[in-house]
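J.: I'll drop the sequence and a predicted model, then ask my questions.
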Amino acid sequence: MTSPSRVASRVERQPAVRALARVGLAAIGILHILIGVIALAVAFGAGGSADQSGALQALVAVPGGLFVLWAVIVGLVFLAVWQILQAITAHKPGQKVTEVVKCIVYAALAGIAVSIAAGGRNDASSSEKSMSAQLLAMPGGVFLLAGIGIAIVVAGIVFAVNGLTHRFERDLRLPPNRWATITTTLGRVGYVSKGVALVIVGGLVVFGALTSDPEKAGGLDGSLKALTEVPFGVVLLILIALGLVAYGAFWCVRAYASRLAEP
């Protein structure tokens, strides 16, 4: 009887599956580039939501954007499937858990994208504030919300450390050519920038928990906009925005240049 890991390995090797997984990698890149561009617009006084839902809604608003959005949806769905295959063929329990978490994240993004493509509206910042308010109203909710904020801060620190130490490069399978240098440079800048953004988000969530103010826990969009209200915050926001664009470009170049992990 054929084991699930062998079946998954054979599916992973299919050229069509790998091609669709690359589309998914590029989709993640496009989302981060759009978030970075929106964050730049916010820094210069324009509106917009600098988060995943805002990026998807901005995509629909441009000519031909709906077609691109459906391509992003297809990419995200197949990237989620790819992570399931990676989880099945992974040997270490920790790696299996990581791949499953990635699958859940990509599937959730695909769900949001489908809703927006169908004409719905999704305000992630308001939803996060509402969830924070509900948690604060629960017994012990302050500690739970603070714990979520601390977890986000830790994730941000991990991102930044991965960028500073180049640790993320261990997972890349790049041929020794010019694309390797371009990809790793974009990744280093992008990982550090996303790490800083997550630390700010998590810090504001913790602050919102300690002050019992759910308005402070507004997710990525609210956190980036909060920077415009502090000294030198706009400069930091611009640097983070450029870093998010670099992080998105890293994913796009990786989708083209890297060899997908072999089972």
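T.: Structure received.

J.: okay, now Arg18: neighbour count?
T.: If you count neighbours by other Cβ atoms under 10 Å, Arg18 ends up with 15. C-betas here are computed from N, CA, C, even on glycine.

J.: what does Tyr106 give?
T.: 22.

J.: pLDDT score for Arg13?
T.: Reading off the confidence values, Arg13 has pLDDT 66.

J.: then Pro176?
T.: For Pro176, the predicted pLDDT is 65.

J.: what does Leu135 give?
T.: The per-residue pLDDT reported for Leu135 equals 72.

J.: wait, it sits on Ala146?
T.: No - here Leu135 lies out of contact with Ala146, judged by Cβ atoms under 8 Å, at a distance of 9.7 Å.

J.: okay, those two: which has more neighbours?
T.: Higher neighbour count among Leu135 and Ala146: Leu135, with 21 against 18, using other Cβ under 10 Å.

J.: run the chain-centre distance for stretch 236-254.
T.: Computed by Cα atoms, centre = their mean, to the nearest Å, the chain-centroid distance of stretch 236-254 equals 11 Å.

J.: next one: stretch 75-83
T.: 14 Å.

J.: got any ranges where the stretch 101-250 of the chain has weak pLDDT?
T.: By pLDDT under 70, the weakly predicted segments of the stretch 101-250 of the chain are 120-130, 172-177, 214-219, 221.

J.: can we see that at 80?
T.: 119-142, 168-180, 208-233 (pLDDT under 80).

J.: now the helices for it?
T.: 124-137, 141-165, 178-210, 219-226, 233-257 (DSSP state H, counting those that start in this stretch).
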